[in-house]
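Engineer: Need coordinates for the following:
(one chain, ligands or ions: 1)
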Amino acid sequence: MAHSTAPLPAEHLIAMEEEWGAHNYHPLDIVVERAAGAWVYDAEGRKYLDCLSAYSALNQGHCHPRILSALREQAERVTLTSRAFRNDQLPLFCQELAALCRMQMVLPMNTGAEAVETAIKAARRWGYTKKGITAEKAEIIVCANNFHGRTTTIVGFSSEEGYRDGFGPFTPGFVTVPFGDVAALEAAITPNTAAFLFEPIQCEAGILIPPAGYLQSVASLCRKHNVLMMADEIQTGLGRTGAMFACWREDVQPDVFILGKALSGGFYPVSAVVSSREVLGVFSPGTHGSTYGGNPLACAVARAAVKVVVEEDLARRAVELGEWMLADLRARLQHPAIQEIRGCGLLIAIDLREPARPFCEKLMKLGLLCKETHSHVIRLAPPLVISRDDLDWACRQLEEVFR
Ligand SMILES: *Cc1c(COP(=O)(O)O)cnc(C)c1O
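Structural biologist: Predicted coordinates:
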């Protein structure tokens, strides 16, 4: 066989990646070879419990058998038509996802950042054609410490210098307010405001949970001023925080959901903007598109991934396991480096007074994978299919590291 090769040792693979791949990440030095459920394995046969879940793309666990068979079956039928032709999966995907979100329309894309870009375009066009904002004047309000992806427009309204430095000039039309501050949001709204774009919980910023009632207040402000409430639920959505969507924990229905990550359960990049006919109806043929967006393979995978979230009741697992884990960690971990342990569903932060990276490296040696976020926070976000026993094992490894 042409490609039959002996496995290369891990150090060799790491050196190759460093030489030939751009250095835009700083990964832990584990070379994953295969994975199943909550566990990943390296070439030496060591196993690790995955407590990052690819930033919540793997809510359904690695290589979920039902999603895998959907992928296989579809891959043997048809994978890509482009939107120049119709395919038999897109209508079902749109209908099922709209119903799940209690919305009317779906616009499929591939990566999360593209879905955010799509929502920005929708909001601007809605602002001009429906709200009557003067041409070229539309504003979108965003939050300090936001994370919405890495495209030029999106990093332009980031408050993180490292995301922006050297990448300007940036797209105008964005206004920043503090996260969790309703009065600041109201003060920032002008007749030119088309939308408020936010994360219900700021994950990359360190799992920052807004004050209770914030989303309710945002919803009524947006309604009062005719501003679109656009929830980026790419990381918080699809069960992670203990509800299907984090907004629903406060019984809030935003105008726009932006989804990605777990929408495909880790198999294939699938993202979507889900909203009303009034908002997504602003797009007409030629105004937006993507060659791979809405392809039949993506749609079949996402349909299966969403079914797993619903049928395996992953949101309920996130509540039950998350509450238990949060209480267990608070009882177990008494260490001067720990400032706070907070969480929502199976999205838990250990907020430290010192850099988190050395703790993550020690945890890796013990067989637990997690990653620092915002330098001082350890983010724990295991697959929602994780067993109680595995979670208990994770807590014991954390206890070991914070002894
Ligand atoms: C990951 C993420 C994105 C970007 O998704 P990509 O698929 O990496 O482009 C956007 N918003 C939030 C909240 C995210 O967590």
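Engineer: Now do the contacts for residue 204.
Structural biologist: 147, 235, 373-374 (CB atoms under 8 Å, 6 or more residues apart in numbering). Bear in mind the C-beta positions are built from the backbone N, C-alpha and C, glycine included.
Engineer: Am I right that it is in a strand?
Structural biologist: No - counting by DSSP: H, G, I helix; E, B strand; the rest coil, residue 204 is not found in a strand; it is coil.
Engineer: Kindly provide the distance from it to residue 189.
Structural biologist: Applying CB to CB, to the nearest Å, the value for residue 204 to residue 189 is 25 Å.
Engineer: cool, and residue 307?
Structural biologist: Distance from residue 307 to residue 189, by CB to CB: 39 Å.
Engineer: What's the per-residue pLDDT of whatever residue of the chain ends up closest to the ligand here?
Structural biologist: The ligand sits closest to residue 112 of the chain, with a gap of 2.1 Å, by CB to the nearest ligand atom. The per-residue pLDDT reported for residue 112 equals 98.
Engineer: That one: neighbour count?
Structural biologist: Residue 112: 27 surrounding residues under other CB atoms under 10 Å.
Engineer: which residues touch it?
Structural biologist: Shown in contact with residue 112 (CB under 8 Å, 6+ apart): 148-149, 234, 258, 260-261, 271.
Engineer: at 10 Å instead, please
Structural biologist: Neighbouring residues of residue 112 by CB atoms under 10 Å, 6 or more residues apart in numbering: 55, 57, 147-150, 154, 232, 234-235, 258-261, 263, 269-272.
Engineer: pretty sure residue 364 contacts residue 40?
Structural biologist: No - the pair residue 364 / residue 40 is not scored as a contact, 11.1 Å apart, by CB atoms under 10 Å.
Engineer: who touches both of these two?
Structural biologist: 30, 48.
Engineer: ok, the two, which is more surrounded?
Structural biologist: The residue with more neighbours, out of residue 364 and residue 40, is residue 40; 20 against 17, by other CB under 10 Å.
Engineer: Which positions in the stretch 151-300 of the chain make contact with the ligand?
Structural biologist: 199, 203, 232, 234-235, 260-261 (CB under 6 Å from any ligand atom).
Engineer: In strands, which of those residues appear?
Structural biologist: Counted as lying in strands by DSSP state E, out of these, are residue 232.
Engineer: just the helices in the stretch 301-403 of the chain please.
Structural biologist: Per DSSP state H, counting those that start in this stretch, the stretch 301-403 of the chain carries helices over the ranges 314-332, 357-366, 388-401.
Engineer: Could you save those as TSV and add columns showing mean pLDDT and distance to residue 211?
Structural biologist: Shown next, in TSV, are the helices of the stretch 301-403 of the chain (pLDDT from 0 to 100; distance: least, CB to CB, whole Å):
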stretch	mean pLDDT	distance to residue 211
helix 314-332	98	18
helix 357-366	96	28
helix 388-401	98	27
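Engineer: Kindly present these as CSV, with separate columns for distance to residue 293.
Structural biologist: Listed next are the helices of the stretch 301-403 of the chain as CSV, based on distance: least, CB to CB, whole Å:
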stretch, distance to residue 293
helix 314-332, 25
helix 357-366, 35
helix 388-401, 36
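Engineer: Format these as a markdown table; extra columns: distance to the ligand.
Structural biologist: Listed next are the helices of the stretch 301-403 of the chain as a markdown table, based on distance: least, CB to the nearest ligand atom, whole Å:
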| stretch | distance to the ligand |
| --- | --- |
| helix 314-332 | 16 |
| helix 357-366 | 19 |
| helix 388-401 | 22 |
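Engineer: which ones are touching the residue lying closest to the residue of the chain closest to the ligand once chain neighbours are set aside?
Structural biologist: Using CB to CB, 6 or more residues apart in numbering and skipping the chain neighbours, the partner closest in space to residue 112 is residue 260 (3.5 Å). If you count contacts by CB under 10 Å, 6+ apart, residue 260 has them with 55-57, 109-116, 149, 232-235, 237-238, 269-273.
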